[in-house]
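Participant: fold the following and give me the result.
(chains A, B, C and D)
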There are 4 protein chains.
Amino acid sequence: MAGNSFGKIFKITTFGESHGIALGVIIDGVPPNIELTASDIQFELDRRKPGQSKITTKRQESDKVEILSGIFENKTTGTPLAFVIYNKDQKPEDYSKIKDIFRPGHADYTFLKKFGIRDFRGGGRASGRETVARVAAGAVAKKILRDKGINIVAYTLSVGDIKAKKIDFTVIEKNIVRSPDLDAAEKMIKKIEEVKAQKDSIGGVVETIIHGCPPGLGDPVFDKLDACLSHALMSIGSIKGIEFGSGFKCTEMLGSEHNGKMYIDGNKVKTVPNHTGGIAGGISNGEDIVIRLAIKPTASIGQQQQTVDVNSKSVTIEIDGRHDPCICPRVVPVAEAMVAITILDALLIQQIINPI
Amino acid sequence: MAGNSFGKIFKITTFGESHGIALGVIIDGVPPNIELTASDIQFELDRRKPGQSKITTKRQESDKVEILSGIFENKTTGTPLAFVIYNKDQKPEDYSKIKDIFRPGHADYTFLKKFGIRDFRGGGRASGRETVARVAAGAVAKKILRDKGINIVAYTLSVGDIKAKKIDFTVIEKNIVRSPDLDAAEKMIKKIEEVKAQKDSIGGVVETIIHGCPPGLGDPVFDKLDACLSHALMSIGSIKGIEFGSGFKCTEMLGSEHNGKMYIDGNKVKTVPNHTGGIAGGISNGEDIVIRLAIKPTASIGQQQQTVDVNSKSVTIEIDGRHDPCICPRVVPVAEAMVAITILDALLIQQIINPI
Amino acid sequence: MAGNSFGKIFKITTFGESHGIALGVIIDGVPPNIELTASDIQFELDRRKPGQSKITTKRQESDKVEILSGIFENKTTGTPLAFVIYNKDQKPEDYSKIKDIFRPGHADYTFLKKFGIRDFRGGGRASGRETVARVAAGAVAKKILRDKGINIVAYTLSVGDIKAKKIDFTVIEKNIVRSPDLDAAEKMIKKIEEVKAQKDSIGGVVETIIHGCPPGLGDPVFDKLDACLSHALMSIGSIKGIEFGSGFKCTEMLGSEHNGKMYIDGNKVKTVPNHTGGIAGGISNGEDIVIRLAIKPTASIGQQQQTVDVNSKSVTIEIDGRHDPCICPRVVPVAEAMVAITILDALLIQQIINPI
Amino acid sequence: MAGNSFGKIFKITTFGESHGIALGVIIDGVPPNIELTASDIQFELDRRKPGQSKITTKRQESDKVEILSGIFENKTTGTPLAFVIYNKDQKPEDYSKIKDIFRPGHADYTFLKKFGIRDFRGGGRASGRETVARVAAGAVAKKILRDKGINIVAYTLSVGDIKAKKIDFTVIEKNIVRSPDLDAAEKMIKKIEEVKAQKDSIGGVVETIIHGCPPGLGDPVFDKLDACLSHALMSIGSIKGIEFGSGFKCTEMLGSEHNGKMYIDGNKVKTVPNHTGGIAGGISNGEDIVIRLAIKPTASIGQQQQTVDVNSKSVTIEIDGRHDPCICPRVVPVAEAMVAITILDALLIQQIINPI
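Facilitator: Predicted structure coming up:
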């Protein structure tokens, strides 16, 4: 009810605050007999961790995962996996001077209205740091999906008005902005360094591709696969929009154009072009699922901003701290994690209805 | 699990197929002691019903609601409301000739892959007709919210490349395309008639405004208010994208521009401009919540299309029938319904955490 | 949340009041491609319906089920089944004279405290009439289980101090008290007629056997199979206790006696004696699951009783009406229904974990 | 779905195995602004911990709780509480010699059938050690309820055929068997020592009283308060039966006797005698809620037993280890915890429906 769980069969429940003792996750509904080691998890956490490059926050966290339960002799047992990641570089004192001030673009004011109490240490539970637990859980889902031939790849499609012009999966992890186009990457990095120098931040688009998803996943009514993926992805902070396939461009198309053609290719039913983005009527059709996320510029900036405090006084604020000038490269592993959790959940549900 | 329920406290469960006997909904978690009559429901159903104008499907359904339970002496009792709407104008025979063919842009193929069985009568459960039950349930939510000063209004912002240039709430229900701009409405209607004459269809954008929503609704992690609204709205057929506030435009903005200013206005904390669209960190901040939906062109068109049948043969199809050339005006009440259900649910949850 | 749903995969949601327009149920999560007709449902409803013998209430209800959705060409489609049963013999006027009085042993007072409103017509939603929807849903579950070799049989084990001395399944439906022992049945019926003549009522024990349940159903922690069955069965009105296998007798046993022996019989692992009642550590072990329910005497009696009214005045009440002097024979099909729903749900969940 | 969560609003999710690294719990839905310290939790853990007396297992665990999240400046924030208890005295090697043998009365065989894999270390997740997480969560619920005047007390009512003859709450924690009757306690302890000397075990009855529960908690249909309490309590290992108020004795009563009288006492509606055990029609009526649990003799005994192994061979087994000869005194805090979680959940739900 309080919204710290996600998923139905493969169900994650997370805990922890930005500058608290630890963050973590319990995963219930993990299939038994899956080989799993801490390094499977650590690999994904390293992709998300702060301080990994000159364009990310300088906060230093090793984000080392400890597995507390659910594994016996290197295999899952079907009982809950529990992962914990202790905070090492928490500096709650950094926040004491803004403890009574509402930071623009942040959840400070809204959190206080919701709970009647506020944990001002870097946003507490409302911090993006919360996503470390999602990435840990997503690593398990990704591993299980990969073994079934389902691969999930996300990347930074644009930063500001700089767009990737080609999609080369092999270069994504070879540049610090995680662009699939090395030329664009260079420009994006330069742009991010510029806004950083101006104590500002910038937005971008992260695109995710799910390749190898079998047809038949998702439900026809409330739990359409795109609806569930939207829930999953829009629950990541900083996201103001999501689109599938043709996305907002569909609004200017005719049906004769948008529908495309269906044909048989070997033993598969294909639809081209893939305007629906791999989902028809809420159910996967076997094509690549294509999702784009609108990422807003990071709210924490060093420039002076106009705001109010808890006593309803007008004040100004300059947030000096350790913040990401563009969060896109670090959203990439988080988006993959949330997508993996959603797709695995749909796959497990389908095992009841009409096993694939 | 099978995805025919939505909501946590105010929870709806729907049933029924396009050309079956009846559609309906059970609403569990309705607050007791609310005055409610069938006409409260019927008003909204009439806004959604087919055959209401020259630019909607010609299917004739009175969509008359019957209340089976949950009301005693004109008041809700806190027990489940059950509504049923019997189908009058079902013509399953219209579909017999396409019963073995997969219609492009429809869920025919994916539904069969999911369930291993297909109800070909107009898509069965996968039909947009299913939304009649949502609108019936949404009418209850809208009434409860209205009494608390929360109003939800949706309208057709654009059809193809024709965009409303002003937002005048008073004219929305006075034109058949439900545009907030009468000049644009005229052009939109003309455009829709043109594509209809070409046996084609066209997309558009539906925008929804939630006015009067108190700060504090939604959760900071998985059940962010925008994530739940996205789940609710993306579960309506034909939608390929959703955005809040600045939406995809945020991706080209700087933080200093996007954050805006916070100030005190009377006893309220205001944020201008409203780039976040009324939701900060997943929790409502008291500003108008602004949502835009990308509606694809209706999949059912009369033009000849290339497709395949259940025996993996290539075939062509011409769908003559009673279809909406642009579904936007009929999405309007459905969007309002799903938004109302989601907001009321968040409001009821907040009654436990920190009553408003 | 409001407690009108039960089950996780095979999930029922019910509605309706004792003297309202109709009662019914939506079943979500029904496996597709199951042959099903109204007569499958009607058979079970007839076993539960009022007025079936001289020892049941005289209310006359044909309890005719109508199937509104979820079936196409006599097969389930995987979409929600909706059943409705219209009330024919409602007499709300019978209740007008007690509308301000709290009947002892009934939910009148507690319902008012819960909802702040009271539907006095025969208890409204709190009436045992609500179970008609459970039996309709249970009929579907029973059919599916029967096809898998799982059979559920309930019977009246005792009425007052008269106990069945043998268990002969073949005679249960051949006597109106549904006893597995015809000699005991005769005495039970005589006893019930006696208490009825005295405007009184009497309790009894209903026992349920689940035969053919495979090992592996249920979960080791909160959703132990016995815990879920207890939830299901204790949610039937009039039940004050439940026990499995040895039940309360286990409290006077030694471990060496209670544990029993395990041995191999063919390809099965057997445990004798079956003190655990077919469930070990919350998971079925393949033995018969044996459950006993303590049924209290019906609360509605014609004798004068001391009570209070809504104005806190002391009053007396004599409930003349159409009530069951012993509810055991009519609990039998309801118990079977709730057990079937629970076992089928566990079976479907197990299809994900370790398919049988 | 996999059954490691319990509760709807106040929702606990647990993890951990008997001889694994740690056990713990996440509590979601904790009301904000509650003062809470580790000592509140530790107090209850100490009541449950092994090795506390000569009649409990000799396993030595300090069961020290660490709070990882959800508290800021000694108050709950409304975000998830996470508690972890590291295992100190795990001895998995004790179990290596029985790793292929199914212990009679245990979940060894059924667990393997469920998951297709077995963690033989003391039953792993199926061990009673799992309840340490429940007690930690229950401590939070008990504290919140106590502040609202709701008190929960459990005690050992009988051991074998030795029954407490009086109920004196003040002596319960003053004797190691947790009997409310010191004379009976002495005999119970002697009896337990006798069966222990014989390498055997013995059962008993644990009774729980909920005092101060307001009327109006629980739901009229599936989530009757007694149904939810039964689910909660029957999910504790070793329990073969549960009864409320008159319990199984009601089956031999007449309605005129069982109903009792209702009258006004001050501003309260009272029912005497309390045969319903504080719950009428599934909803609390303000009287004490009275629950009795049938606890079977501990399955682990040192005597030689006949059983089978994973290769379907007949074998004998003698379980030497550190086991409780009578688990009743250690069930007491677990029962209180599960009751507290259930009652608090019902109370929070009622805040939405009709705030008390």
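
Participant: kindly list the longest helix within chain A.
Facilitator: Taking DSSP state H as the assignment, the helix of chain A that covers the most residues is helix A:328-353.

Participant: now look at it and say if it contacts chain D.
Facilitator: No: in this structure, helix A:328-353 remains apart from chain D according to CB under 8 Å from any CB of the partner chain; the gap is never smaller than 8.7 Å. The C-beta positions use only the backbone N, C-alpha and C, and glycine is treated the same way.

Participant: and that helix, what does it pack onto?
Facilitator: Where contact means 3 or more CB pairs under 8 Å, 6 or more residues apart in numbering or on different chains; DSSP states H and E, helix A:328-353 is packed against helix A:38-48, helix A:131-147, strand A:151-159, strand A:204-211, helix A:225-234, strand A:289-295, helix B:108-115, helix C:328-353.

Participant: mean neighbour count and mean pLDDT for those - can I get that in a markdown table?
Facilitator: What follows is the helices and strands packed on helix A:328-353, written out as a markdown table (neighbours: other CB atoms under 10 Å in any protein chain shown; pLDDT from 0 to 100):
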| stretch | mean neighbour count | mean pLDDT |
| --- | --- | --- |
| helix A:38-48 | 18 | 96 |
| helix A:131-147 | 25 | 98 |
| strand A:151-159 | 24 | 98 |
| strand A:204-211 | 24 | 98 |
| helix A:225-234 | 28 | 98 |
| strand A:289-295 | 25 | 98 |
| helix B:108-115 | 25 | 95 |
| helix C:328-353 | 25 | 97 |
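
Participant: make a markdown table out of the ones you listed and add distance to A:Ile27.
Facilitator: As requested, those are exported to a markdown table (distance: least, CB to CB, whole Å):
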| stretch | distance to A:Ile27 |
| --- | --- |
| helix A:38-48 | 11 |
| helix A:131-147 | 5 |
| strand A:151-159 | 17 |
| strand A:204-211 | 20 |
| helix A:225-234 | 15 |
| strand A:289-295 | 23 |
| helix B:108-115 | 25 |
| helix C:328-353 | 14 |
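
Participant: out of those, nearest to D:Arg146?
Facilitator: Go through these one by one with CB to CB and the one that ends up closest to D:Arg146 is helix A:131-147, at 31.9 Å.

Participant: for the stretch 151-300 of chain A, which residues are neighbours of chain C?
Facilitator: Taking CB under 8 Å from any CB, the part of the stretch 151-300 of chain A that reaches chain C is made up of A:Pro220.

Participant: mind listing what A:Met234 touches?
Facilitator: Taking CB atoms under 8 Å, 6 or more residues apart in numbering or on different chains as the criterion, A:Met234 is in contact with A:Ile242, B:Lys224, B:Asp226, B:Ala227, B:Ser230, B:His231, B:Ile242.

Participant: flag every residue of the stretch 51-200 of chain A that's near chain D.
Facilitator: Contact residues (CB under 8 Å from any CB) of the stretch 51-200 of chain A with chain D: A:66-70, A:72, A:75, A:77-82, A:84, A:114-117, A:119, A:121, A:124-125.

Participant: write a ChimeraX command that selects only the buried members of these.
Facilitator: Typed into ChimeraX, the line below selects the buried ones among these, using 16 or more other CB atoms under 10 Å in any protein chain shown:
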select /A:67,68,69,70,72,77,78,79,80,81,82,84,114,115,116,117,119,121,124,125
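
Participant: out of the residues of the stretch 51-200 of chain A next to chain D, which are close to chain C?
Facilitator: When CB under 8 Å from any CB is applied, the members of these adjacent to chain C are A:Gly78, A:Thr79.
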